[in-house]
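Participant: fold the following.
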Amino acid sequence: MRLPGGLGKRRLWVLAVAATLLGLGVPLLLRARASDDPGGVAAEKVTRGVFRREVTALGTLQAARATPITCPAEVGRPQKIAVLAADGTSVRAGEVVVEFDTTEAQAELSDGSADRTTADNKIVQSRAKGEEAEQHLELDLDLARAKLDRAEDVAPTDEGIFSRHEVIESAVDRELLARQKEIDQANLDATRRLDQAQIALGQIERSKADIRIRQATMSLSALEVRAPHDGIFMLERRGQGSTLAVGQQVWPGQKIGEIPDLTVLEARVQVLEADAAGLKPGCKARVTIDGKPGHTYPGTVRRVGSVSEPVYRQSPVKYFETVIALDHTDPAVMRPGQRVHARLVLEEQKNVLSIPRGALFEREGQRIVYRLAGGRFLPTPVTIGRASVARIVVTDGVQEGDRIALRDPTRAVRDILDERGVQQAGEEQEGP
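Facilitator: All right, here's what the predicted structure looks like:
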């Protein structure tokens, strides 16, 4: 026989159980519920106690103190990672944890050495050419001086002895020789200045080459990053938990990882924005580590993020990053990066009346509980206060010692079973 409406085996099983219960005496129980008889209705005694509003959060362990491992700032340019220690590796002081590609630094050192050799050759050549040119100009200047001196010694200046034409011609010759001397001196001075300028340019080029050589040498010496002390090397987590890898490029000063102090750990967890009301520094917390059952570590919220942010870029759900300072650390069990579960106490009230959420109902716009009085469960309006996931504080309407129903006693078991059967059938129809 095929069930109407596409009901499956689960629906058939529920109907069979319901029929069996009805055949074994449930009709008597149904009549008891309909008459508000308290028999068979689960109830709880209202007592005073501590009310806690808690929230759960997931996260990881991290070190409160750690030595950062960064790309050296003195390299002066981006570097490509050639060797990288594995995440979580135990390292000793002085051990290499990061090594960068030396190709560019070696090429720069080679180019700098070649440029310095070229600059030295240029200086030597400029000095040699300058000395040769100066020697020629000095000879020309000496010759001009000798001619001028001889012309002045034998110059016909006495007009009583020499003709006026000879006197004038001799004066013109002496003036030309004096001008030639001045020109030769000026050429010599200009040549000396030019030679000095050429040598200075060569020295500048040599200085630039020396700077390149120093930078390349410094880069080569800084391309190996060593552990400053013993510990565990942990890679820096970026967006969505990704880390750097061999072949990727990093900038001077960029953090690559860290070597944490394992004696002081703390938990960094993400608290859902909708559950974060009352979350603040000072809230108590209990932290458990995945895979380490039986180990619970108390702590206190040390810091709460100022704004909520999504953990994943494509997700609209936002969380508050919360840091929990642990009261003590067990290095034998705890390691940075381990996944943790945290329960944070957002609110705690002492000596208050609280009831389970399932014991609170709503009728005609009023919140009520069913209180046992005179052998019957009577609807009683109540005033509620703060609420947690499981319990609700009641400020008025019930007293300590009252017994309240944990389900609506006016509803028949048959109605509950039928409602559950319809719900399960709907789930089957919506399922794959």
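Participant: sec struct for Arg174, please.
Facilitator: With DSSP: H, G, I helix; E, B strand; the rest coil as the basis, Arg174 sits in helix.
Participant: so Val75 sits against Met218, correct?
Facilitator: Yes - counting by Cβ atoms under 8 Å, Val75 does reach Met218; the two are 7.4 Å apart. For glycine as for every other residue, the C-beta is placed from the backbone atoms N, C-alpha and C.
Participant: ok, the two, which is more surrounded?
Facilitator: Shown here are Val75 and Met218; by other Cβ atoms under 10 Å, Val75 has more neighbours (23 against 15).
Participant: how far away is the more buried one from Leu244?
Facilitator: According to Cβ to Cβ, to the nearest Å, Val75 stands 16 Å off from Leu244.
Participant: so where do the strands sit in the stretch 301-432 of the chain?
Facilitator: 309-310, 318-326, 339-356, 361-363, 366-373, 376-381, 383-387, 391-396, 403-405 (DSSP state E, counting those that start in this stretch).
Participant: now do the third one, average pLDDT.
Facilitator: I take that to be strand 339-356. Taken as a whole, strand 339-356 has a mean pLDDT of 91.
Participant: likewise for the last one?
Facilitator: Within the predicted structure, the mean pLDDT of strand 403-405 is 92.
Participant: ok, and what's touching that strand?
Facilitator: Here strand 403-405 makes contact (Cβ atoms under 8 Å, 6 or more residues apart in numbering) with 38, 41-46, 355, 359, 369-372, 377, 398.
Participant: what do you get if the cut-off is 6 Å, keeping everything else the same?
Facilitator: Residues outside strand 403-405 that contact it (Cβ atoms under 6 Å, 6 or more residues apart in numbering) are 41, 43, 45, 359, 369-372, 377.
Participant: assign Leu143 to helix, strand or coil.
Facilitator: Applying three-state DSSP: Leu143 is helix.
Participant: can you pull the pLDDT of it?
Facilitator: Looking at Leu143, its pLDDT stands at 82.
Participant: okay, now the unreliable bits of this protein?
Facilitator: 1-39, 154-160, 162, 167, 239-241, 412-432 (pLDDT under 70).
Participant: now Val83. Nearest residue, chain neighbours left out?
Facilitator: Glu99 (3.7 Å; Cβ to Cβ, 6 or more residues apart in numbering).
Participant: distance check, the one you found against Ala82.
Facilitator: Counting by Cβ to Cβ, the gap from Glu99 to Ala82 is 5 Å.
Participant: what's the local residue count around Asp173?
Facilitator: 14.
Participant: ok, now Leu148?
Facilitator: Neighbours around Leu148, by other Cβ under 10 Å: 19.
Participant: so what touches stretch 177-189?
Facilitator: The contact list for stretch 177-189, computed with Cβ under 6 Å, 6+ apart, reads 137, 140-141, 144-145, 147-148, 151.
Participant: make it 10 Å
Facilitator: With Cβ atoms under 10 Å, 6 or more residues apart in numbering as the test, stretch 177-189 has contacts from 133-152.
Participant: return the members of those residues classed as buried.
Facilitator: 133-134, 137, 140-141, 144-145, 147-148, 151 (16 or more other Cβ atoms under 10 Å).
Participant: isn't there a helix covering Ile81?
Facilitator: No - assigned with three-state DSSP, Ile81 falls outside any helix and is strand.
Participant: make 20 the starting number, not 1.
Facilitator: Will do, 20 is the new start, and the previous item becomes Ile100.
Participant: which residues does it bridge with?
Facilitator: Per DSSP bridges, residues listed as beta-bridge partners of Ile100: Phe119.
Participant: residues contacting it?
Facilitator: 90, 117-120, 263-269, 275.
Participant: what about those residues, which are in strands?
Facilitator: Judged by DSSP state E, the contacts of Ile100 include 117-119, 268-269, 275 as members of strands.
Participant: just to revisit the earlier point, tabulate the strands of the stretch 320-451 of the chain (JSON lines), appending distance to Ile218 and mean neighbour count.
Facilitator: Listed next are the strands of the stretch 320-451 of the chain as JSON lines, based on distance: least, Cβ to Cβ, whole Å; neighbours: other Cβ atoms under 10 Å:
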{"stretch": "strand 328-329", "distance to Ile218": "62", "mean neighbour count": "13"}
{"stretch": "strand 337-345", "distance to Ile218": "63", "mean neighbour count": "20"}
{"stretch": "strand 358-375", "distance to Ile218": "69", "mean neighbour count": "17"}
{"stretch": "strand 380-382", "distance to Ile218": "98", "mean neighbour count": "12"}
{"stretch": "strand 385-392", "distance to Ile218": "98", "mean neighbour count": "18"}
{"stretch": "strand 395-400", "distance to Ile218": "104", "mean neighbour count": "16"}
{"stretch": "strand 402-406", "distance to Ile218": "87", "mean neighbour count": "14"}
{"stretch": "strand 410-415", "distance to Ile218": "91", "mean neighbour count": "18"}
{"stretch": "strand 422-424", "distance to Ile218": "103", "mean neighbour count": "20"}
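Participant: one step back: test my guess that the residue nearest to Val102 contacts Ala124.
Facilitator: No - with contact defined as Cβ atoms under 10 Å, Glu118 does not reach Ala124; the gap is 11.9 Å.
Participant: which residues are in contact with both of the two?
Facilitator: Jointly contacting Glu118 and Ala124 under the rule Cβ under 10 Å, 6+ apart are 98, 242.
Participant: kind regards, and thank you for your time.
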